[in-house]
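>>> Quick one, fold the following:
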Amino acid sequence: MSQFPDLRMRRRRSSSWMRAMLTEHRLHPSDFIWPLFICEGEGEEQPIGALRGVSRWSIDRLVDQAKAARDAGIPAIALFPNTPDDKRTDAEALNPHNLICRAVKAVKDAVPDIGIMTDVALDPYTSHGHDGVLAADGSVDNDATVEILAKQAVVQAEAGADIVAPSDMMDGRIAAIRDALEEAGHASTAIMAYAAKYASAFYGPFREAVGSGDRLKGDKKGYQMNPANSTEALVEVELDIAEGADFVMVKPGLAYLDVVARLRDNFDVPIFAYMTSGEYAMIEEAAAAGAGDRDAMLMESLTAFKRAGATGILTYHALEVARKLA
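Coordinates of the predicted model:
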């Protein structure tokens with residue numbers, strides 16, 4: 001390789017057109033999945049205190065958001081319900097007329113050309129805030145939970161979900177869901193596995209958004225991954241792929257870009273990363289405090305996902321950024 005002064009790396013950065021020509025990683029609206037929160041009611045927009053600029057939407061208003069996403073070139077939205085207190089039961093997760101199923105049907109009727117991803121987990125429905133059924137000793141019963149999750153995935157697929165996304169981290173749930181979908185005639189419904197989901201401190205605002213935060217008894221360290229581990233993520237992903245996952249996800253995203261990179265080096269599958277609510281809030285609150293240029297911090301952070309090897313990004317900034325890119 002040539003050495004200085006024959007090789008001057010700054011020549012490659014000397015003009016805006018040169019920098020543009022040599023850019024290695026680019027963002028595009030099709031890189032994004034936009035998470036949206038749903039609430040009961042009509043004409044409702046409920047701002048979420050811990051998530052500056054993010055709201056819950058009633059189904060009629062959700063349809064408008066889906067249209068905006070489609071028009072901006074975003075391929076899919078991810079839906080998360082805030083289930084009313086009086087319906088926080090395991091049975092509600094299997095109700096074909098529950099909030100998430102009604103929302104899916106409404107969006108599919110109004111905006112059939114946008115993809116819909118739904119959350120397969122029980123924490124939006126339990127009174128205790130955990131992602132599954134509790135055993136007598138207070139731990140989450142893996143196998144009993146998996147049985148319900150498989151049924152929940154079928155209910156969501158029948159409502160029109162294109163991708164079901166198990167976020168619970170129970171062992172064996174991908175195989176159970178894949179088998180249940182096939183048996184129910186939903187062979188075309190894809191599974192995005194939250195394959196490497198960590199017991200993170202960055203989920204607080206999300207739990208407020210779906211109404212599970214104050215309910216949580218204890219923590220989720222018994223089933224979500226240890227933040228100190230990365231090799232374990234390789235095992236989790238390999239298992240989920242073998243069980244029938246079409247795509248895998250790393251969550252959180254920004255704090256775990258090394259995990260995204262390791263997965264990209266080891267697996268030739270679509271890998272998604274979730275810029276979690278806490279990571280979103282860090283950017284928004286830092287900008288509000290004058291710690292930096294908001295747009296520059298945002299674009300740099302999102303580009304880091306692509307640089308690490310992510311196929312796509314779940315981010316609450318999706319609509320705003322897609323419009324800017326367009």
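
>>> Pretty sure Ala196 sits against Met249.
Yes. Proximity of Ala196 to Met249 meets the contact threshold set by Cβ atoms under 8 Å, at 7.4 Å. C-betas here are computed from N, CA, C, even on glycine.

>>> Quick one: end-to-end distance for stretch 33-53.
Stretch 33-53 has an end-to-end distance of 17 Å (criterion: Cα to Cα, to the nearest Å).

>>> Flag every buried residue along the longest helix anywhere in the chain.
Counting residues, the longest helix found in the chain (DSSP state H) is helix 142-159. Within helix 142-159, the residues that qualify as buried are 142, 145-146, 148-159, counting by 16 or more other Cβ atoms under 10 Å.

>>> Mind giving me the packing neighbours of it?
helix 90-93, helix 99-110, strand 115-120, strand 163-166, helix 173-183 (3 or more Cβ pairs under 8 Å, 6 or more residues apart in numbering; DSSP states H and E).

>>> Name every strand pairing with the fourth one and say which way it goes.
In this case it means strand 163-166. Take DSSP bridges as the rule and strand 163-166 pairs in its sheet with strand 115-120 (parallel), strand 190-197 (parallel).

>>> mean confidence score for that strand?
Taken as a whole, strand 163-166 has a mean pLDDT of 98.

>>> repeat for the second one
pLDDT averaged over helix 99-110 equals 98, rounded to a whole number.

>>> which phi and psi does the residue lying closest to Val107 once chain neighbours are set aside have?
Leaving out its chain neighbours, the residue that sits closest to Val107 by Cβ to Cβ, 6 or more residues apart in numbering is Ala66, at 4.7 Å. Here is the backbone geometry of Ala66 (degrees, to the nearest 10): phi -60, psi -40.

>>> Pull the number of nearby residues for Ala66.
25 (other Cβ atoms under 10 Å).

>>> if we can go back for a sec, can you tell me which of the buried residues of helix 142-159 is nearest Arg262?
Asn142 (25.9 Å; Cβ to Cβ).

>>> Assign the closest residue to the closest one other than its chain neighbours to helix, strand or coil.
Distances taken as Cβ to Cβ, 6+ apart put Met170 closest to Asn142, at 5.1 Å, once the chain neighbours are dropped. What DSSP: H, G, I helix; E, B strand; the rest coil gives for Met170 is coil.

>>> Name the helix or strand of this protein that has the lowest mean pLDDT.
helix 204-210 (a mean of 81; mean pLDDT, DSSP states H and E).

>>> and the helix or strand following that helix, what does it pack onto?
Downstream of helix 204-210, the next assigned helix or strand under DSSP states H and E is helix 231-243. Where contact means 3+ Cβ pairs under 8 Å, 6+ apart, helix 231-243 is packed against helix 173-183, strand 190-197, strand 247-251, helix 257-266.

>>> So in that sheet, which strands flank the third one, and in what orientation?
Based on DSSP bridges, the strands next to strand 247-251 in the sheet, each with its direction, are strand 190-197 (parallel), strand 271-274 (parallel).

>>> Adding distance to Ala228 and mean pLDDT, write those out as TSV.
Formatted as TSV, the strands paired with strand 247-251 follow (distance: least, Cβ to Cβ, whole Å; pLDDT from 0 to 100):
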stretch	distance to Ala228	mean pLDDT
strand 190-197	13	97
strand 271-274	19	98
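
>>> need these in CSV with mean neighbour count and distance to Asp123, can you?
Converted to CSV, the strands paired with strand 247-251 look like this (neighbours: other Cβ atoms under 10 Å; distance: least, Cβ to Cβ, whole Å):
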stretch, mean neighbour count, distance to Asp123
strand 190-197, 26, 12
strand 271-274, 26, 15
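
>>> Quick one: the strands in the stretch 1-150 of the chain, in order.
In the stretch 1-150 of the chain, the strands defined using DSSP state E, counting those that start in this stretch lie at 32-38, 45-47, 55-57, 76-81, 115-120.

>>> returning to what we had before: any idea which of the helices and strands packed on helix 142-159 gets closest to His28?
Of those, nearest to His28 by Cβ to Cβ is strand 115-120, at 15.6 Å.

>>> Extract the C-alpha trace of that closest one and format it as PDB.
C-alpha atoms of strand 115-120 as PDB (Å, rounded to 0.1, in the frame of the first residue of the first chain):
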ATOM      1  CA  GLY A 115     -46.900  -4.700   5.700                       C
ATOM      2  CA  ILE A 116     -48.100  -5.200   9.300                       C
ATOM      3  CA  MET A 117     -46.000  -6.800  12.000                       C
ATOM      4  CA  THR A 118     -47.600  -7.800  15.300                       C
ATOM      5  CA  ASP A 119     -46.100  -8.500  18.700                       C
ATOM      6  CA  VAL A 120     -46.500 -12.100  20.000                       C
END
